[in-house]
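S.K.: Mind looking at a prediction? Sequence and model below.
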Amino acid sequence: MYMVAFMYPNKAGGTFNLEHFLEVHLPLGLHQTFKHLALKPVKLVVYSPTWNVGYPQGLLPYIAISSVFFNTRAEAEKFAGLFGFEEAARLLSADFPNYTPGPPDVMMAEVTELTDIDALIAAHGA
């Protein structure tokens, strides 16, 4: 599985409107993805709000992260090219101020999902 993550920088005094992101921006992005790329992700995960474990006064680098998952690297790379379509770039960029102070950092990665926790524990020796 492959993932494209959108990481929204955390700035002093910055905010992230999760409701707008979930109800407006995310559906807009999915619509543009299907319209221009004929592509649908297999899973979406949104992390927000974020907080700093152990150092509550410290400013974390990201206020929110949205991960979009695809079965293949080719699909993830195709998705990463969405801003190559003028309409998608214009609409999505114009919506940034409605939920965050600026555009996200974007990262792509291969994902290894580990779900058999008991086997992992047992592998170390009971």
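M.R.: Yep, that arrived. Numbers count the residues shown, from 1 in each chain.
S.K.: Run through the neighbouring helices and strands of the top helix by length along the chain.
M.R.: For the chain, the helix with the greatest residue count under DSSP state H is helix 26-37. Judged by 3 or more C-beta pairs under 8 Å, 6 or more residues apart in numbering; DSSP states H and E, the packing partners of helix 26-37 are helix 73-80, helix 86-95. C-betas here are computed from N, CA, C, even on glycine.
S.K.: from the chain's centre, how far out does the very next helix or strand once past it sit?
M.R.: Once the chain leaves helix 26-37, the next helix or strand it forms, by DSSP states H and E, is strand 43-47. In terms of C-alpha atoms, centre = their mean, to the nearest Å, the centre of strand 43-47 is found 6 Å from the chain centre.
S.K.: gap between stretch 17-31 and the chain center?
M.R.: Computed by C-alpha atoms, centre = their mean, the separation of stretch 17-31 from the middle of its chain amounts to 12 Å.
S.K.: who's in contact with it?
M.R.: Residues from elsewhere that reach stretch 17-31, judged by C-beta atoms under 8 Å, 6 or more residues apart in numbering: 40-41, 44, 46, 48-49, 64, 66, 82, 88, 91-92, 95, 98-100.
S.K.: tell me the pLDDT at residue 77?
M.R.: At residue 77, the model reports a pLDDT of 97.
S.K.: quick one: contacts for the closest residue to it other than its chain neighbours?
M.R.: In space, residue 77 comes closest to residue 108 once its chain neighbours are excluded; the distance is 7.3 Å by C-beta to C-beta, 6 or more residues apart in numbering. If you count contacts by C-beta under 8 Å, 6+ apart, residue 108 has them with 2, 3, 4, 5, 76, 77, 80.
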